[in-house]
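**Q** Model the following, please.
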Amino acid sequence: MPAQPSPPFVGRKREMALLEDLWQSPQAAFLVLYGRRRVGKTRLLWEWMQKHPEDVLYWAAEPSSESDQRRAFSQAVYRFFHPNSTEASVYYPSWRAAFEALADLAAQRGRRVALVIDEFTYLLEHGPQAAGALQHAWDQRLSRSNIMLVISGSHLGMMVRDVLSPQAPLYGRATAALRLRPLPYPATREAFPNYSPEARVALYAVVGGVPAYWAYWNPEKDFNDNLTTFITHAALSLSDEPRFLLQDYIRETGNYYAILSAIARGAHTPADIRRASDLPAGHVSRYLEILRETGYVERRRSVTSPPNSRQGRYHLTDPFLRFYFRFISPYRSQIAAGVHQPLLEELRHHLLAFIGSYTWEEIARLWTLHAGSRGALPFQASQVGAAWTRAAQVDVVGINRRERTLILGECKWSPEPVKADVLRKLVARTKAILPSEKNWRVHFVVFARGGWTRGLERETEEMRAKPPSGERWKAAGVTLVDLKTVDDQLWRWHNEPLQPSEAIPF
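**A** Reported below is the predicted structural model:
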């Protein structure tokens, strides 16, 4: 099944502003743009290039021989600076000669020019000497010219190793390095304006914030129709996506798949992952470290534990990979054979809990991170995550150790109104979660998709009138927040322009 037409270009305001700032600079500028496959690097560049169509030379490397790439680059440079020429046989004898010619032609042009080299990792793979030649040209000529240089690549491992690392020829030359991340949840509102907040949270739980995955989702169809189509058609075309993502770092993906599947099924400690994956303990530790380097797995520490705590849990950071290994991977053979009913039954039974345990909690943490500075919470958290001990666990925790303030939040994704006992149980877990220091002020938050009962409202009113306290803490308030409020506020905060700072003495 072909993808739907490209979704509208949404978000990326700060990234576009960075590109424009570099373009408007009176000096030479050099941007390294990198990020995972399909995250929208080329789309971002193309959208920015529309503002300066006469001044940008765009060239994309291809997985061909060094000589073919150099010939294509030579002709692209010559045609850009000589648009009326019929000369077709320009071929610079080396990369150094090509970049020297670029510098000469840019100087003769008399006005600013941007050179965008996309898929730069193909150039590194088939013509590694190009990086050294570009470094020489930048040091000797281009850095003192009226040029904006952009190199972009999707092979994350190679971009980090061969462009950004201290051993790379181009290390230290870039004016700016931008790792393009998946779009945050609030951007779904712009891309899917007809969807309810519930449907957009569910969408984000399935495909995350990678724009190319959104292209498989028809905004004119409802969530269930899209999910069925995604499972029966698009999931098969994306079945090799995890392998492609991992192969940026790893050649043999088999054992890594076992670990990712174990984490997706709920194994978060090394011991649980080892049992679920049936791999030797030493191998699991090594594989987990490599997976952390990819950025698709992270080790999370309880935010109320001591800073030097060695206790941690491993989680998948990418929503699509999390959904893939939890639901699609176990049924891959059946999907390939056109048998979809078992997976659809699995989703009917478990998707609700999956969204509540991962995506809804992550959105609530994002809200908590921003809410203090916007006045929606009384405290500004310096760190937000989850907290756990052997006795208790809390979904959303914001902490400010310097101020001795703590935010404890409980998330409920059920469409049913939340009852009063949810808040009472959250308060009861305070003692087990609290850091060891004294005199904490604790604010409680209930994140309720389906709203709350009158009983919970009365419980909240009573707690505000008579705040509970403990040996090392006292309550500082309660907030009830539903999905619509979280969605509206995150959307507004996402679109707020950056405000200039108040005067800071220096």
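**Q** all strands of the stretch 151-300 of the chain, in order?
**A** Counting by DSSP state E, counting those that start in this stretch, the stretch 151-300 of the chain has strands at residues 176-179, 297-300.
**Q** For Glu403, give me phi and psi.
**A** Backbone dihedrals for Glu403, given as degrees, to the nearest 10, come out at phi -90, psi -10.
**Q** if I look at it, how far off is Gly375?
**A** Going from Glu403 to Gly375 by CB to CB, to the nearest Å gives 16 Å. Just so you know, the C-beta spots here come from the backbone N, C-alpha and C atoms, and that holds for glycine as well.
**Q** and the two? which has more neighbours close in?
**A** More crowded of Glu403 and Gly375, by other CB atoms under 10 Å: Glu403, with 13 against 7.
**Q** check contacts around that one.
**A** Listed by CB atoms under 8 Å, 6 or more residues apart in numbering, the contact set of Glu403 reads Phe379.
**Q** what separates it from Ile433, distance-wise?
**A** Taking CB to CB, one finds Glu403 at 17 Å from Ile433.
**Q** Phe223 now?
**A** Plainly put, Phe223 is 35 Å away from Ile433 if you go by CB to CB.
**Q** Over to Ser154?
**A** Distance, Ser154 to Ile433, using CB to CB: 41 Å.
**Q** Touching, Phe194 and Lys221? I think so.
**A** Let me fix one detail, which is that residue 194 is Asn and not Phe. No. Assessed by CB atoms under 8 Å, Asn194 is found out of contact with Lys221, at 9.8 Å.
**Q** Neighbour count for these two, which is higher?
**A** Here Asn194 and Lys221 are compared on neighbour count by other CB under 10 Å; more neighbours surround Lys221, at 14 against 9.
**Q** number of nearby residues for the closest residue to that one other than its chain neighbours?
**A** The shortest distance from Lys221 to any non-neighbouring residue, by CB to CB, 6 or more residues apart in numbering, is to Thr229 (7.6 Å). Counted by other CB under 10 Å, the residues lying close to Thr229 total 17.
**Q** change the start of the numbering to 58 and stick with it
**A** Let's use 58 as the start, then, which means that last one is Thr286.
**Q** how close does Thr286 sit to Glu473?
**A** 29 Å.
**Q** okay, the strands of the stretch 208-357 of the chain in a markdown table with mean neighbour count, distance to Arg343 and mean pLDDT next?
**A** A markdown table is the format used below for the strands of the stretch 208-357 of the chain (neighbours: other CB atoms under 10 Å; distance: least, CB to CB, whole Å; pLDDT from 0 to 100):
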| stretch | mean neighbour count | distance to Arg343 | mean pLDDT |
| --- | --- | --- | --- |
| strand 233-236 | 16 | 25 | 95 |
| strand 354-357 | 16 | 13 | 95 |
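**Q** Stretch 353-369 spans what distance, first to last residue?
**A** Criterion CA to CA, to the nearest Å; first-to-last residue distance in stretch 353-369 is 16 Å.
**Q** Flag every buried residue along that stretch.
**A** Judged by neighbour count using 16 or more other CB atoms under 10 Å, the buried positions of stretch 353-369 are 353-354, 358-362.
**Q** ok, residues contacting that stretch?
**A** With CB under 8 Å, 6+ apart as the contact definition, stretch 353-369 has outside contacts at 302-303, 317, 320, 345, 348-349, 370-375, 378, 440-446, 454-456, 463, 490-493.
**Q** How about residues contacting stretch 326-334?
**A** By CB under 8 Å, 6+ apart, the list of residues contacting stretch 326-334 from outside reads 312, 315-316, 318-320, 322-324, 337-338, 341-342, 345, 370-371.
**Q** Give the ChimeraX command for selecting the buried subset of those residues.
**A** To isolate in ChimeraX the members of the contacts of stretch 326-334 that are buried, counting by 16+ other CB under 10 Å, one can use:
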select :312,315,316,318,319,320,324,341,345,370,371
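**Q** quick one on the thing from earlier: quick one: which of Phe280 and Ile490 has more around it?
**A** Neighbours were counted for Phe280 and for Ile490 using other CB under 10 Å; Ile490 has more, 24 against 19.
**Q** which residues sit in contact with the more buried one?
**A** By CB under 8 Å, 6+ apart, Ile490 lies in contact with 361, 444-446, 449, 451, 454, 465.
**Q** Where strands are concerned, which of these count?
**A** Judged by DSSP state E, the contacts of Ile490 include 444-445, 451, 454, 465 as members of strands.
**Q** nearest to Phe137, of the residues you listed?
**A** Each of the ones in strands among the contacts of Ile490 was checked against Phe137 using CB to CB; the closest is Val454, at 54.0 Å.
**Q** which residue packs closest to that closest one, ignoring adjacent ones?
**A** Ala444 (4.2 Å).
**Q** Go ahead and confirm the one you found touches Leu463.
**A** No. Contact between Ala444 and Leu463 fails when scored by CB under 8 Å: they sit 9.0 Å apart.
**Q** shared neighbours, these two?
**A** 361, 454.
**Q** the more surrounded of these two?
**A** Using other CB under 10 Å, the more surrounded residue of Ala444 and Leu463 is Leu463, with 27 against 24.
**Q** Surely that one is within a helix?
**A** No. Counting by DSSP: H, G, I helix; E, B strand; the rest coil, Leu463 is not part of a helix but strand.
**Q** Chain neighbours aside, what residue packs nearest to it?
**A** The shortest distance from Leu463 to any non-neighbouring residue, by CB to CB, 6+ apart, is to Val499 (4.8 Å).
**Q** Count residues in the vicinity of Glu553, would you?
**A** 9.
**Q** Arg349 now?
**A** Arg349: 14 surrounding residues under other CB under 10 Å.
**Q** for it, what are its contacts?
**A** So Arg349 contacts 355-356 (CB under 8 Å, 6+ apart).
**Q** can we see that at 10 Å?
**A** Listed by CB atoms under 10 Å, 6 or more residues apart in numbering, the contact partners of Arg349 are 355-356, 371, 374.
**Q** what about Ala171, is that helix, strand or coil?
**A** strand.
**Q** Then His406?
**A** helix.
**Q** For it, give its distance to Asp282.
**A** Distance of His406 to Asp282, computed by CB to CB: 19 Å.
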